[in-house]
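1. Pasting the sequence and the predicted model now:
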Amino acid sequence: MSEVEVNFRSSLHEITVRLTGTALRTIEKNSLAAGSHETGGILIGSYDLEGRTATVSEATTKSIDSRAGRTWFQRGVRGLSDILRLRWSIGQYYVGEWHSHPGGAPEPSMNDIREMQAVSKEFSYQCPRPIMIIAGTEKTGIVKLSASVMKDGVLIRLVG
């Protein structure tokens with residue numbers, strides 16, 4: 001399990017996503033614990049004033065009403081509005097989603113891309129540039145991450 005933050009970037013699009021050690025540990029631990037089923041949650045953090053750098057300070061665990069299978073994950077919503085209300089009071093906001101791909105590469109599927117496009121357009125999320133972190137897990141306990149940002153309807157893959 002990692003103790004340090006991880007940075008993902010796209011120099012071309014001037015976008016950086018900083019994943020803190022706390023958020024990283026939550027993603028790694030829960031991805032491995034889910035075994036052969038996908039799992040996930042939301043990402044909480046903030047953007048800098050220019051909107052070019054996002055810091056993901058927290059990744060939630062799956063909510064109790066989430067559903068999952070070997071190759072799919074449907075994030076529930078129970079309890080998330082309370083968490084977000086509390087974080088809002090300290091300047092932290094919903095910035096995206098994370099989920100795992102057990103035994104697979106951390107590559108976004110077409111469904112993942114469609115879901116991020118929907119989030120970017122949905123007013124209630126108030127997140128026009130959502131971040132997507134995917135954790136690909138291996139039976140050996142290795143977790144590989146990918147990070148992407150949806151910008152103007154296009155998924156931008158970041159390099160870590």
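-> Here it is on my side, so go on.

2. So the residue nearest the centre of the chain: helix, strand or coil?
-> For the chain, Trp98 is the residue whose C-alpha lies nearest the centre (C-alpha atoms, centre = their mean; 2.8 Å). In terms of secondary structure, Trp98 is strand; the call rests on DSSP: H, G, I helix; E, B strand; the rest coil.

3. contacting residues for Thr55?
-> Contact partners of Thr55, counting by C-beta atoms under 8 Å, 6 or more residues apart in numbering, are Arg18, Thr20, Gly45, Ser46, Tyr47, Asp48. Using the backbone N, CA and C atoms, a C-beta is placed for each residue, glycine as well.

4. Can you tell me the element the residue lying farthest from the centre of the chain falls in?
-> When each C-alpha in the chain is compared with the mean C-alpha position (C-alpha atoms, centre = their mean), Thr140 comes out farthest, at 22.6 Å. Following DSSP states H and E, one finds Thr140 outside all helices and strands.

5. gap between Glu122 and Arg9?
-> In this structure, Glu122 lies at 26 Å from Arg9, with C-beta to C-beta, to the nearest Å as the measure.

6. higher neighbour count, those two?
-> Neighbours of Glu122 and Arg9, each counted by other C-beta atoms under 10 Å, are more numerous for Arg9; the result is 16 against 12.

7. Need the three-state assignment for that one.
-> Reduced to three states with three-state DSSP, the structure at Arg9 is strand.

8. Let me see the contact set for it.
-> Ile15, Thr16, Val17, Leu158, Val159, Gly160.

9. Leaving out sequence neighbours, find the closest residue to it.
-> For Arg9, the nearest residue in space outside its immediate sequence neighbours is Thr16; the separation is 4.9 Å by C-beta to C-beta, 6 or more residues apart in numbering.

10. now Ser57
-> On the basis of C-beta to C-beta, 6+ apart, the spatially nearest residue to Ser57 that is not a chain neighbour turns out to be Gly45, at 4.7 Å.

11. Phi and psi next, for the residue nearest to Arg9.
-> Note on Thr16: backbone dihedrals following degrees, to the nearest 10 are phi -130, psi 140.

12. Same question for Arg87.
-> Backbone dihedrals for Arg87, given as degrees, to the nearest 10, come out at phi -70, psi -40.
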